[in-house]
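Novice: I'll drop the sequence and a predicted model, then ask my questions.
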2 protein chains.
Amino acid sequence: MIARTGEPEEVMELWIVEDDALYRRTIAALLHEIPGMRCDHAFGRCEDALKAIETESAPDVLLMDIGLPGMNGIEGTARVRQVSPSTRIIILTVHEDNDKIFDALCAGASGYLLKSSAPEEIVGAMREVVRGGAPINAQIARRLLAMFTDLAGPRAVSPLTHREREILKLMVDGLTKKQIAAHLILSYHTIDTHIKNIYAKLEVHTRGGAVARALHDHLL
Amino acid sequence: MIARTGEPEEVMELWIVEDDALYRRTIAALLHEIPGMRCDHAFGRCEDALKAIETESAPDVLLMDIGLPGMNGIEGTARVRQVSPSTRIIILTVHEDNDKIFDALCAGASGYLLKSSAPEEIVGAMREVVRGGAPINAQIARRLLAMFTDLAGPRAVSPLTHREREILKLMVDGLTKKQIAAHLILSYHTIDTHIKNIYAKLEVHTRGGAVARALHDHLL
DNA sequence: AAACGAATACCGCGAATGCGGTATTGCCTG
DNA sequence: CAGGCAATACCGCATTCGCGGTATTCGTTT
């Protein structure tokens, strides 16, 4: 995409946000050895990095930790992307729970690595990310895939009958029992009984709960 | 169930489904050189692979093309996963459009590589996948991330206040007004008013509708 | 034929809901 | 400083809901 004429000036500017001073320096030192990369800043807090972006210029790539004092790395990722959309952010953390991964990627991170990654993997990720790729640790990718599969998955385990699903669907659409009865040309009492059964099967006691389960567990 | 063939020897059984005979043989030859891998079968059609799985035993890893005569690779992936859940499937294709990627991963593929990938990347992927990882080409991963970000995109347009979101969240959890009031240490009447306002903003008239919008439009 | 689950229908009652009001207190922003 | 918005609080009433029953019909499975 970027037609280069061999300028030796194409240095990748790279920043780090990592609260553990030791790990921060280790990484910074590691990256400093790589030709074509420069690491001018390494912060212990998101807030500092944000300030630096606004006063000076933004980096090409930002290595971001998640567990940070003050603003966490996910919130930080979103903020950085707001003020500098061109900055690619790579999460580098010990957290490997689905929520963190999901939130970080939703916040706009371009990559997700674990601190257990080999140094070469980290360096490779830098290179990959400026080329437009999204370096994601294979273990993390597995989690991502799992999210996808159960996104379109457990509809078979739905314990509801056809009728019940039909009625649940109408509840999701915001209809009252009376309206559902009219819509399905059934008695009000019938709907009432069905809803009663739906609640029992879903182990909820309110419309809100039932609808939430219906959508969350994707059983429609 | 499927007969377990894994334990005795450390050799990874690997099959290929690829309609282009030349490419198929090239890959098979490539993999055959790798110590610890064995490629007994290479098919041109999913149907043949499926049949082989049922008559013989299933492979540890299956390299699957998408564009195939007869059953396509995505459908095939789903089928193979049904009859042999332990078989990890890696898509190896030229297709890089979002739909294919999405569908393949939803169908249960454990990896997604492009045919333009370097041989080492393919071999690395095999190793990675049996270790529980999900080898995904960085370019593909980028697409995945894009899906995530616009999956959680229109949250900024949430017209709700903090309090309202908080209450809506509790409605999703299936609490009654009274319970919400107790939970937030607020008056019942306050909750009542808030819910009234939430309904107005979301243009719904029932709990079901509100919860559905909350989850569907991802505005919590 | 018997047994069973699903779908249907009906009843009654206490609790919760939806919605129309009004009103006070802060906190911003113009 | 005025006005607006968010959060808070209170009232009343018709409606709806949740849930405890009971009961009939119909298609499967046994």
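Specialist: Yep, that arrived. Residues are numbered from 1 along each chain as shown, chains lettered A, B, ... in the order given.
Novice: tell me the contacts of the residue lying closest to residue A:71 once chain neighbours are set aside?
Specialist: Nearest non-adjacent residue to residue A:71, counting by Cβ to Cβ, 6 or more residues apart in numbering or on different chains: residue A:46, 4.2 Å away. From N, CA and C alone the C-beta is placed, and that goes for glycine too. For residue A:46, the contact set (Cβ atoms under 8 Å, 6 or more residues apart in numbering or on different chains) comprises A:17, A:64, A:68, A:70, A:71, A:72, A:73, A:75, A:76, A:79, A:80.
Novice: pLDDT value on the residue in chain A sticking out farthest from the centre, please?
Specialist: With Cα atoms, centre = their mean as the measure, chain A has its most outlying C-alpha, relative to the mean C-alpha position, at residue A:187: 45.2 Å. According to the prediction, residue A:187 has pLDDT 93.
Novice: pretty sure it is touching residue A:181, no?
Specialist: Yes - taking contact to mean Cβ atoms under 8 Å, the distance of 6.2 Å between residue A:187 and residue A:181 places them in contact.
Novice: tell me if stretch A:178-194 is near DNA strand C.
Specialist: Yes - figure legend: stretch A:178-194 in contact with DNA strand C (Cβ under 7 Å from any atom of the strand); contacting residues A:184, A:186, A:187, A:188, A:189, A:190, A:192, A:193, A:194.
Novice: the second one - that's part of a strand, no?
Specialist: It stands for residue A:186. No - the assignment for residue A:186 is coil, going by DSSP: H, G, I helix; E, B strand; the rest coil, so no strand is present there.
Novice: tell me how many other residues crowd it.
Specialist: Applying other Cβ atoms under 10 Å in any protein chain shown, we find 14 residues neighbouring residue A:186.
Novice: who's in contact with the nearest residue in space to it that is not next to it in sequence?
Specialist: Counting by Cβ to Cβ, 6+ apart, residue A:180 is the residue found nearest to residue A:186 once chain neighbours are left out, at 7.9 Å. Under the criterion of Cβ under 8 Å, 6+ apart, the contact partners of residue A:180 comprise A:167, A:170, A:171, A:186, A:191.
Novice: could you tell me the phi and psi values at residue A:180?
Specialist: In terms of degrees, to the nearest 10, the main-chain angles of residue A:180 are phi -60, psi -40.
Novice: what's the answer for residue A:114, then?
Specialist: For residue A:114, the backbone dihedrals are phi -100, psi 150 (criterion: degrees, to the nearest 10).
Novice: do residue A:137 as well
Specialist: The phi and psi torsions at residue A:137 (degrees, to the nearest 10) take the values phi -50, psi 140.
Novice: pretty sure it sits against residue A:118.
Specialist: No - if you go by Cβ under 8 Å, residue A:137 and residue A:118 don't touch, sitting 10.4 Å apart.
Novice: quick one, which of those two is more surrounded?
Specialist: For residue A:137 versus residue A:118, the count of surrounding residues by other Cβ under 10 Å is larger for residue A:137: 22 against 9.
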